[in-house]
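*Asks:* I'll drop the sequence and a predicted model, then ask my questions.
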Amino acid sequence: MFFLILTMVFGVVGASAVGLAGTQGVFTADECHTEGNGKGGKSTTCSGVFVSHDGSLVDREARISWSDGRAGAHTQVRAVLLGGYQREDGLDVILMAVLVPVMGLVAVGCAFAGLSRATQDRLALRLPGPAFAVYVEWWY
């Protein structure tokens, strides 16, 4: 169940990264500050104003993590369905394109492993493809 929920969260973030979910707009940084991230590195957080492209949403207390952010700078962001803002970045798209299927596969594997032995056998025999037939032959 954990991996299924995690997959759904990654799916929402991925949908936002590719522009399928969330509200697109512009973030203008009022101030930015760098702080330690607890792992020996540093991260930059900027606070400022988010304005959606259609002007229907204005958030004067918006905050984003923006590595090269500076006061007065603008960047394209998307208001994420889960809260907060996400910069529109090709790296996020690639990351989500890899993580969502991997986490989905792990979720399916965990769900299959949680089934009883008899249910696994019945399911494996009904699914198409040689991989499931090999599974049943391997087990017996």
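*Replies:* That came through fine.
*Asks:* what's the lengthiest strand in the chain packed up against?
*Replies:* In the chain, assigned by DSSP state E, the strand with the most residues is strand 23-36. Packing contacts for strand 23-36, counted by 3 or more CB pairs under 8 Å, 6 or more residues apart in numbering; DSSP states H and E, involve strand 42-52, strand 74-79. Backbone N, C-alpha and C define where each C-beta goes, glycine included.
*Asks:* Out of those strands, which gets the lowest mean score?
*Replies:* For those, mean pLDDT drops lowest on strand 74-79, to a mean of 86.
*Asks:* partners of that strand in the sheet?
*Replies:* strand 23-36 (antiparallel), strand 85-87 (antiparallel) (DSSP bridges).
*Asks:* Same list (those) but as TSV, adding mean pLDDT.
*Replies:* Output for the strands paired with strand 74-79, formatted as TSV (pLDDT from 0 to 100):
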stretch	mean pLDDT
strand 23-36	89
strand 85-87	78
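*Asks:* I'd like those strands as a markdown table, with distance to residue 54 and mean neighbour count appended.
*Replies:* Output for the strands paired with strand 74-79, formatted as a markdown table (distance: least, CB to CB, whole Å; neighbours: other CB atoms under 10 Å):
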| stretch | distance to residue 54 | mean neighbour count |
| --- | --- | --- |
| strand 23-36 | 8 | 15 |
| strand 85-87 | 16 | 18 |
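*Asks:* Please convert the helices and strands packed on strand 23-36 to TSV, extending it with mean neighbour count.
*Replies:* Below are the helices and strands packed on strand 23-36 laid out as TSV (neighbours: other CB atoms under 10 Å):
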stretch	mean neighbour count
strand 42-52	17
strand 74-79	19
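*Asks:* SS state for residue 83?
*Replies:* Each residue gets one of three states, and residue 83 gets coil by DSSP: H, G, I helix; E, B strand; the rest coil.
*Asks:* Retrieve the pLDDT associated with it.
*Replies:* In this prediction, residue 83 carries a pLDDT score of 72.
*Asks:* Begin at 219, not 1, for the rest of this chat.
*Replies:* Got it, the first residue is 219 from now on, which makes the last one we talked about residue 301.
*Asks:* Contacts only, for it.
*Replies:* By CB atoms under 8 Å, 6 or more residues apart in numbering, no residues touch residue 301.
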